[in-house]
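Colleague: next input, structure requested:
(2 chains)
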Amino acid sequence: MLQIGKQTFQSRLLLGTGKYPSFQVQREAVRVSKAEILTFAVRRMNIFDANEPNLLEELDLKKYTLLPNTAGAKTAEEAVRIARLAKASELCDMIKVEIIGCDKTLLPDPFETMKASVQLLREGFTVLTYTSDDVVLAKRLEEAGVHAVMPGASPIGSGQGIVNGLNLQFIIEQSSVPVIVDAGIGSPGDAAYAMELGADGILLNTAVSGADDPVKMAKAMKLAVEAGRLGYDAGRIPKKTYATNSSPETAMIE
Amino acid sequence: MDIQVNGKILKFDNKAMTIADLLDAYDIQEKIAAVERNKEIVKKTDYEQTILADGDAIEIVHFVGGG
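Modeller: Okay, the predicted model is just below:
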């Protein structure tokens, strides 16, 4: 069970809802992923054509928890504004703080991220903060009171997987709040690996929405997250330099 | 009066127009949305009472796909 703030979840896969090839594929991918937390962005409504299909209006909101993000914000002030708007929908009190500090890498601005997280905590939000894989920053965010830290595995949408497993491991080991690996996951192997390291959850979007078959990939990610978690709980064998027999060395046939 | 809605200047004759009237005018009163007036959140319970003034900047936002 994954506990974030006061809520608990069966699924450890958090799914993004952006950039699916079609509305139908998006809906089906969400369904087979068994994700319970879905991320959304907050944008201006086209009031002149407000009847475009919108996933949110079809979702059973008793089954899903919405995790709006502050994507688009470059400062704490902008992120807080987006978060307040999201909350004003009266559908959620969770927020993914995402403040980009570099357009090319989409890496977060640590100073603005901290500032916004602190402000939103003060306002009573359940705060999940997207951060780089900086170990000390993750610690500082936790001390500030965030409900989950979400270090990136590699740049958003890059599909490069886990480029610094050691840092992620350090973050996971020292954290007393959930660590959700967010961004950069490319394949089910990446997701399983992050879970084997002890991550509490995985947040991904492009790895599913950009796959040749997003629905199949959504299922693969679901299974990968479960497999990785089971492996972590089971406790893997230590790595050794040389071989060890699996078959008995006694009662040999002579 | 001129009201700026999501960055566009719109003209209305109705002098006592509320946020609720504005949402009705575009048939979006049932949509999942949030409203800001001059950068201040307008609570849903205040839609009926919030009267727009000439020059107001309104943001009407909703949730779209995102990661």
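Colleague: could you use CA atoms for every contact and neighbour count after this?
Modeller: Will do.
Colleague: residues from chain B in reach of chain A?
Modeller: Proximity of chain B to chain A (Cα under 8 Å from any Cα of the partner chain) is limited to residues B:6, B:26, B:28, B:32-36, B:41-44, B:59-67.
Colleague: and the helices in the stretch 51-200 of chain A?
Modeller: Using DSSP state H, counting those that start in this stretch, the helices found in the stretch 51-200 of chain A span residues A:55-58, A:76-88, A:110-122, A:135-144, A:165-174, A:188-196.
Colleague: check chain B too.
Modeller: For chain B, the helices defined by DSSP state H cover B:19-25.
Colleague: what's the angle from the lengthiest strand in chain B to helix A:76-88?
Modeller: Ranked by residue count, the top strand of chain B under DSSP state E comes out as strand B:57-65. Inter-element angle recorded for strand B:57-65 and helix A:76-88: 80 degrees (by axes from the mean of the first three to the mean of the last three Cα atoms, to 10 degrees).
Colleague: packing partners for strand B:57-65?
Modeller: If you count contacts as 3 or more Cα pairs under 8 Å, 6 or more residues apart in numbering or on different chains; DSSP states H and E, strand B:57-65 packs onto strand A:37-44, helix A:76-88, strand B:2-5, strand B:34-37.
Colleague: 6 Å instead, please
Modeller: strand A:37-44, strand B:2-5, strand B:34-37 (3 or more Cα pairs under 6 Å, 6 or more residues apart in numbering or on different chains; DSSP states H and E).
Colleague: now the phi/psi pair for the residue lying closest to A:K19 once chain neighbours are set aside, please.
Modeller: Spatial nearest neighbour of A:K19, chain neighbours left out: A:S209 (6.0 Å); criterion: Cα to Cα, 6 or more residues apart in numbering or on different chains. As for A:S209, its main-chain torsions (degrees, to the nearest 10) stand at phi -70, psi -30.
Colleague: which strands and helices sit next to the host helix or strand of A:K222?
Modeller: Element membership for A:K222 (DSSP states H and E) is helix A:214-234. Contacts defined by 3+ Cα pairs under 6 Å, 6+ apart place helix A:214-234 against helix A:23-33, helix A:188-196, helix A:206-209.
Colleague: just send those back as a markdown table, with distance to A:P110 too.
Modeller: As requested, these are exported to a markdown table (distance: least, Cα to Cα, whole Å):
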| stretch | distance to A:P110 |
| --- | --- |
| helix A:23-33 | 31 |
| helix A:188-196 | 22 |
| helix A:206-209 | 23 |
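Colleague: which of those comes out lowest on mean pLDDT?
Modeller: In terms of average pLDDT, helix A:23-33 trails the rest of the helices and strands packed on helix A:214-234, at a mean of 94.
Colleague: please name every helix or strand in contact with that helix.
Modeller: Applying 3+ Cα pairs under 6 Å, 6+ apart, one finds that helix A:23-33 contacts helix A:214-234.
Colleague: what are the contacting residues of the helix it packs on?
Modeller: Helix A:214-234 is contacted by residues A:29, A:32-33, A:188, A:191-192, A:195-196, A:208 when judged by Cα atoms under 6 Å, 6 or more residues apart in numbering or on different chains.
Colleague: and stretch B:52-67, end to end?
Modeller: Distance across stretch B:52-67, first residue to last, is 34 Å (Cα to Cα, to the nearest Å).
Colleague: thinking again about what came up before, closest one to B:Q49 among the helices and strands packed on strand B:57-65?
Modeller: Closest of the helices and strands packed on strand B:57-65 to B:Q49 is strand B:34-37, at 12.8 Å (criterion: Cα to Cα).
Colleague: can you show me the CA trace of the closest one as PDB?
Modeller: This file holds the C-alpha atoms of strand B:34-37, laid out as PDB (Å, rounded to 0.1, in the frame of the first residue of the first chain):
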ATOM      1  CA  ALA B  34     -12.000  27.100 -11.900                       C
ATOM      2  CA  VAL B  35     -12.200  30.800 -12.200                       C
ATOM      3  CA  GLU B  36      -9.900  33.600 -11.300                       C
ATOM      4  CA  ARG B  37     -10.900  37.300 -11.400                       C
END
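Colleague: parallel or antiparallel, which strands does it pair with?
Modeller: Here strand B:34-37 has these sheet partners by DSSP bridges: strand B:40-42 (antiparallel), strand B:57-65 (antiparallel).
Colleague: give me whichever of those is most buried.
Modeller: With neighbours defined as mean count of other Cα atoms under 10 Å in any protein chain shown, these peak in mean count at strand B:57-65, which reaches a mean of 22.
Colleague: which residues of the stretch 151-254 of chain A score low on pLDDT?
Modeller: By pLDDT under 70, the stretch 151-254 of chain A has no low-scoring segment.
Colleague: what does it put close to chain B?
Modeller: A:N205 (Cα under 6 Å from any Cα of the partner chain).
Colleague: repeat that with 7 Å
Modeller: For the stretch 151-254 of chain A, the contact set with chain B under Cα under 7 Å from any Cα of the partner chain comprises A:204-205.
Colleague: quick check: the residue of the stretch 151-254 of chain A nearest chain B.
Modeller: Using Cα to the nearest Cα, the single residue of the stretch 151-254 of chain A nearest to chain B is A:N205, 5.5 Å away.
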